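Visitor: output the structure for:
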Amino acid sequence: GCGGVSWQGHLCGAVAGVLAAYWLSRPERAARERSRTGSAGQLPGIT
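Guide: Reported below is the predicted structural model:
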């Protein structure tokens, strides 16, 4: 283990990290969704 950090602490940190990443990426995902509707779902750079 990591010197006194419980598995519950690691689990809570992992859950909090995932939630924070999801919350912080919301504006980017919304912008990507808006731009995708105009380009028929094609990824840039793929021909």
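
Visitor: which other helices and strands contact the helix or strand where L11 lies?
Guide: Element membership of L11 [criterion: DSSP states H and E] is helix 7-24. Taking 3 or more Cβ pairs under 8 Å, 6 or more residues apart in numbering; DSSP states H and E as contact, there are no helices or strands that helix 7-24 lies on. All C-beta atoms are positioned from the backbone trio N, CA, C, and that covers glycine.

Visitor: determine how far the helix or strand that comes right after that helix lies from the middle of the whole chain.
Guide: Next in sequence after helix 7-24, counting helices and strands by DSSP H and E, comes helix 26-38. Taking Cα atoms, centre = their mean, to the nearest Å, one finds the center of helix 26-38 at 14 Å from the center of the full chain.

Visitor: stretch 22-30 now?
Guide: Relative to its chain's centre, stretch 22-30 lies at 7 Å (Cα atoms, centre = their mean).

Visitor: cool, and stretch 20-30?
Guide: In terms of Cα atoms, centre = their mean, the centre of stretch 20-30 is set 6 Å apart from its chain centre.

Visitor: shaky segments in this structure?
Guide: Low-confidence segments of the chain, defined by pLDDT under 70: 1-2, 38-47.

Visitor: give me that answer again for 80
Guide: Low-confidence segments of the chain, defined by pLDDT under 80: 1-3, 36-47.

Visitor: sorry, back to before: the helix holding L11 vs helix 26-38, what angle?
Guide: Counting by axes from the mean of the first three to the mean of the last three Cα atoms, to 10 degrees, helix 7-24 lies at 50 degrees to helix 26-38.

Visitor: buried residues in helix 7-24, which are they?
Guide: The neighbour-count check on helix 7-24 (16 or more other Cβ atoms under 10 Å) flags nothing as buried.

Visitor: may I have it as PDB, with CA atoms only?
Guide: Output of helix 7-24 as PDB, limited to C-alpha atoms (Å, rounded to 0.1, in the frame of the first residue of the first chain):
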ATOM      1  CA  TRP A   7      -8.500   1.400   0.100                       C
ATOM      2  CA  GLN A   8     -11.600   3.400   0.800                       C
ATOM      3  CA  GLY A   9      -9.500   6.600   0.400                       C
ATOM      4  CA  HIS A  10      -8.200   5.400  -2.900                       C
ATOM      5  CA  LEU A  11     -11.700   4.500  -4.000                       C
ATOM      6  CA  CYS A  12     -13.100   7.800  -3.100                       C
ATOM      7  CA  GLY A  13     -10.200   9.600  -4.800                       C
ATOM      8  CA  ALA A  14     -10.800   7.600  -8.000                       C
ATOM      9  CA  VAL A  15     -14.500   8.300  -8.000                       C
ATOM     10  CA  ALA A  16     -14.000  12.000  -7.300                       C
ATOM     11  CA  GLY A  17     -11.400  12.100 -10.100                       C
ATOM     12  CA  VAL A  18     -13.700  10.500 -12.600                       C
ATOM     13  CA  LEU A  19     -16.600  12.900 -11.600                       C
ATOM     14  CA  ALA A  20     -14.300  15.900 -11.800                       C
ATOM     15  CA  ALA A  21     -13.000  14.900 -15.300                       C
ATOM     16  CA  TYR A  22     -16.600  14.400 -16.500                       C
ATOM     17  CA  TRP A  23     -17.800  17.700 -15.100                       C
ATOM     18  CA  LEU A  24     -14.800  19.600 -16.500                       C
END
